[in-house]
Structure formats: structure tokens, C-alpha cells
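Chemist: kindly return the folded structure for what I paste below:
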Amino acid sequence: MTAGTTGDDGTTGADRITGADGTTEADGSTGPRDTGADGDWAVTVPTGYRLGPWEVVSPLASGNWGSVYAARRKVPDEGSDAGSDEGSGGEPAGTPPAEVALKFVATTALGPGRSRQWRELARREAEFSRNADHDRLIRVLDTLVVADEERPELDGVVVLVMERAAESLQDRLDAAPGSGPLAGAARTITQICEGLVHLHAEGWVHGDLKPANVLIMPDGSVRLADFGLVSRLDGTHGYAPPLGSPDYLPPERWRDGLGERGVPVRPTADIWALGVTAHQILTGGSFPFAGATAGARTAVAQEYASGRAPLRLHPGLDDAWRDFVTRCLAPDHASRSSVTADQLLALAATLPDTGAPHRRTRPGWFAVSTVAAAVLAAGTAGGWWWSSGREGGDPSRAGPTARITVYNIEAPCRKQTERLRACSMGLALDPYKKYQAGNVSERRIWHGDVLQAHCVVYDGDRVADETGVGTTRWYRVRVAEEPSGYAWFPAVRTRQEPTSLPRCGESARPTGSST
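Modeler: Sure thing, here's the model as predicted:
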């Protein structure tokens, strides 16, 4: 199976498999990662598929609009176009590696607006990567576009050829055995700082720093990766598309307006993201702001930034590093502007490695903190899963039922075998009222739970999950603990779309609900 490649006309490059559109991270690591889609891949590429000199070996990771595969260099067959060197400039200087990671982004399968957005991100990453040369930045070796009329699902797909890492920092955090620091924490943080010092000195802002975009090479060294949101500074700031990962965006990002050129980004945004990432490295993965979801944690961060709540870092954070993280997490751009990457690099170089991880205590800490996080998150765009409420009706008139499986978009919660309160979600009591405090059933649900639904409404109050995906569709599900016998489950919390359910009748609209 062989595909030709077309040249880089300025519209090709890397995909953005991340951020506010509900996608999951994909990187150049060799270890398997959670696709975030229960085995559904955005771009399905068979093992053995040939693209230029590369042959696909195995899948690595996927998001909603792109997938990453391990590949190795093959000697092209005589007469085959597998050896085509058309791309962003042919073979890179020097001897190319035998193994690489290929990032496939399916821009052709998207609508015109979305396709243009992803192509712009691809162009950003390709342009930056061609000019970037530093030991702390992942190398992008080539950019290609698949030309394969025999496989229309792949024809036109943009591909980035990247040097291959051993794993990502997120992989290490997912495998962390305790709530203490990762092994080599000080070295990892120091090398992340080195990458940021170089970027900022060259007039760039990374814009999407997080553990999934920090790659670990076979020799243990660190590389920053995923430059789809990188921005060139024009004076004090640059501009980027309104995307990103909520846990790592600074509080001011939610207040900055969206202009024709995008949202303003500054080096202080990378400093904030460094603080969040360093906190995770030093505590075995714990976020500095409590909450079971990105929306809940973002709400807590906003309360801190507004001065209504103190900064409560993980109690297990080593005292020697607490000042480092606190400096990074100064509450606003103005107070953070005096904290530079080179200052933090100098500070990190003086701090000790904090030892081996110990037994995990994070679940208990989160469980204590989630009550406050729930209150803070209520009413925010991404915090609907923390709400509460009341409803009435007769579930016996529901008609046929359908089994719906609960899906939690938070990967750490999907991997939990214990039913931790921090990973639980709520059910609404009235689908037509705001999903906030006072409108949640006492019944909690967890990823993998199976609910019995017997009807659906399509015009309920709009809610959104932590990635911004919204819905007005609610399923009425049986809940024995409620006096009415049921509660309401939002469609964004399942991957299923049952077609056999009837619409709920007028009795589904409780007295007092607005129409």
C-alpha cells in the first residue's frame, strides 16, 4: 500500500489534536496512549501503509481530527512512488532517522470553516518547525500531503514527519505510582525552562504548554512539541486562535477579547502553564486547583485570580519548590510579567531533586476539595456536571427504554477502578432549568455506569462539557433514590445516540419551567 505525496503549498503542516474542541493529545511518543475515543481513530491508516519513504508500523494516539502513527524508513521499490521526496523541502539535512512519528490530520473531512482553521494551525506548526533548531524542541523533519486516489479517506490528509520520542511527560504522570514527585523532577522542569528560555528569546510564545506536549527522548532528555498554537511576538504580545487546554490557560485568557487576528497571547501565558505543569511533576500528577474536571478546576483558578480565594497548592508539594510554582501562578498578567523563563531556569537549577515518589494520596486531597470546586463551578460554561435540582412526573408512562453508558471525558477518571467522589458526575432534576446548585439529584454516576432511559427532550437548557461541546438534549433516566423515580442525563455525557426513545410528553416539563 503506497501513497504519493504532494508539495507544501503553504497550507500543510501539523495537526492540532488538542484543546477546546474536545480532542485529546497526540504526540511523537512510542508508547501506546489512550485515544480518548474508545478505539475510534480520526484517521485510520493500515499497518504497512507507505507514504514517501516511510512505512506505518503501529498506531500511537488519536484525537477527533488527527491520529499519530509510528513509522520506519523503507527502501523504495523500483518504479514505486513511495520514495517521493516532495514535501516541505525534501529530505532534511543530515542522515534521516530510521524511525519517526507521522501525524495525520484529516482537514479534507471537515467543514470549510473548520478545515481552514486546522490548516492554519498546520501552517503555523510547519513554518515554525522549519526555522526552529534547539535541543529542547522536537524536530519536524518534513510536511507532506497524501495523494492517494485509491483511498479517498486518506487523499488530501496532511502529514507531519517528526522525530520520535520514547514517551510523553503525560505518559509518565499517568503511570506515576504516588503523589510524590516524578523521578528526575528537577531535571525535567529545568529542561522545560530551557526550552521556554529559547522560545521567548527568539520572540515566540508556545501557547499550549502541557505534559502531553512535553516529550521524553530515549536518552531521558526533554523536548517541547506541538507548535500549532505558537505565536510570534509583535511587541508585547502575539495572536493565536481561540484554542487551548483549559487547565493550562491563564485566568486572563478567559477575559481577553477575540479580534480579527485571534486572541492575544504573551510569554506570561507560558509561565502560568509552566507552573501548572511543574506542580503536576512535583506531586505525581495533581493539578494546583482542585476539581474533578477541567471546568471545575478553571472555576477555582478564576476565584483565586479574582482575589476571592487563596492559592491552595497540594499539601505534599516540597517546600523547596513551592516558591517556584507560586511565582509561576501569579494571579494576573501584570504580576506575572516580572517572572521570566530565564529567572525560573536559574531558580530551578539551584533547587534539589525531591526524591522518589511515595504512596499516592491525591484522591483523598481531591475528595476533600471537590465540594468547594463544585460550588465554584456551578453556572460556568464548563461546570455543568457539578450542578443540582428537582423535577416531577410519572416514569411509568415512558414507553420503551434504552441502555445508555456514561462516558467521562477526563482520562484519569476513566482509568480509575475505584468510584472516587472526585470522578463522579451529577444528574439534573429539571432539564429546563439552569444546571447549577439546587438542580442536581443526590444520585452520583461514574464512567461506565449503565442508565435506563425511557424518553428524550431536545429543547432543554443548553449545557456544555469541559471541552465546550454543548447540547440541549436530555434523557430521562430511572433513579430509584428520587421521589419522582427519575432524573435527567445530558447527551454530552455519553458516546451513544439511542434512536428508539420517544420524545418525552408535556409532563416532562415540570410546573414552573419556562418554555
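Chemist: give the next helix or strand downstream of the worst-scoring helix or strand of the chain on mean pLDDT.
Modeler: One helix or strand of the chain scores below all others by mean pLDDT, DSSP states H and E: helix 362-377, with a mean of 38. Secondary structure here is assigned by DSSP states H and E; on that basis, the next helix or strand after helix 362-377 toward the C-terminus is strand 402-405.
Chemist: quick one: strands adjacent to that following strand?
Modeler: strand 450-457 (antiparallel) (DSSP bridges).
Chemist: pull out the buried residues from the strand it pairs with.
Modeler: For strand 450-457, burial by neighbour count (16 or more other CB atoms under 10 Å) applies to L451, Q452, A453, H454, C455, V456, V457. Every C-beta, even on glycine, is put in place using the N, C-alpha and C of the backbone.
Chemist: and for stretch 215-225?
Modeler: Residues L215, I216, M217, S221, V222, R223, L224, A225 are the ones in stretch 215-225 that count as buried (16+ other CB under 10 Å).
Chemist: from the residues you listed, which ones fall inside strands?
Modeler: Residues from these lying in strands, with DSSP state E as the criterion: L215, I216, V222, R223, L224.
Chemist: surely the third one touches T188?
Modeler: Okay, so that is V222. Yes: V222 lies in contact with T188 (CB atoms under 8 Å); the separation is 5.8 Å.
Chemist: overlap of the contact sets of the two?
Modeler: Any residue near both V222 and T188 by CB atoms under 8 Å, 6 or more residues apart in numbering counts here, and that gives L169, V214.
Chemist: and the helix or strand hosting V300, average pLDDT?
Modeler: Using DSSP H and E, V300 sits within helix 294-305. When the per-residue pLDDT values of helix 294-305 are averaged, the result is 89.
Chemist: show me what it is packed against.
Modeler: Helix 294-305 sits against helix 362-377, with contacts defined as 3 or more CB pairs under 8 Å, 6 or more residues apart in numbering; DSSP states H and E.
Chemist: that older thread, adding distance to Y407 and pLDDT, write the buried residues of strand 450-457 out as JSON lines.
Modeler: Compiled in JSON lines, those are given as follows (distance: CB to CB, whole Å; pLDDT from 0 to 100):
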{"residue": "L451", "distance to Y407": "11", "pLDDT": "93"}
{"residue": "Q452", "distance to Y407": "16", "pLDDT": "92"}
{"residue": "A453", "distance to Y407": "14", "pLDDT": "93"}
{"residue": "H454", "distance to Y407": "20", "pLDDT": "90"}
{"residue": "C455", "distance to Y407": "20", "pLDDT": "93"}
{"residue": "V456", "distance to Y407": "17", "pLDDT": "93"}
{"residue": "V457", "distance to Y407": "20", "pLDDT": "92"}
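Chemist: which one among the ones in strands among the buried residues of stretch 215-225 gets closest to P177?
Modeler: Nearest to P177 out of these is I216 (CB to CB; 17.0 Å).
Chemist: ok now do the residue lying closest to A402 once chain neighbours are set aside, which residues does it touch?
Modeler: Take A402 and drop its neighbours on the chain: the residue closest to it by CB to CB, 6 or more residues apart in numbering is P498, 3.7 Å away. Counting by CB under 8 Å, 6+ apart, P498 touches A402, I404, A453, V456, Y475.
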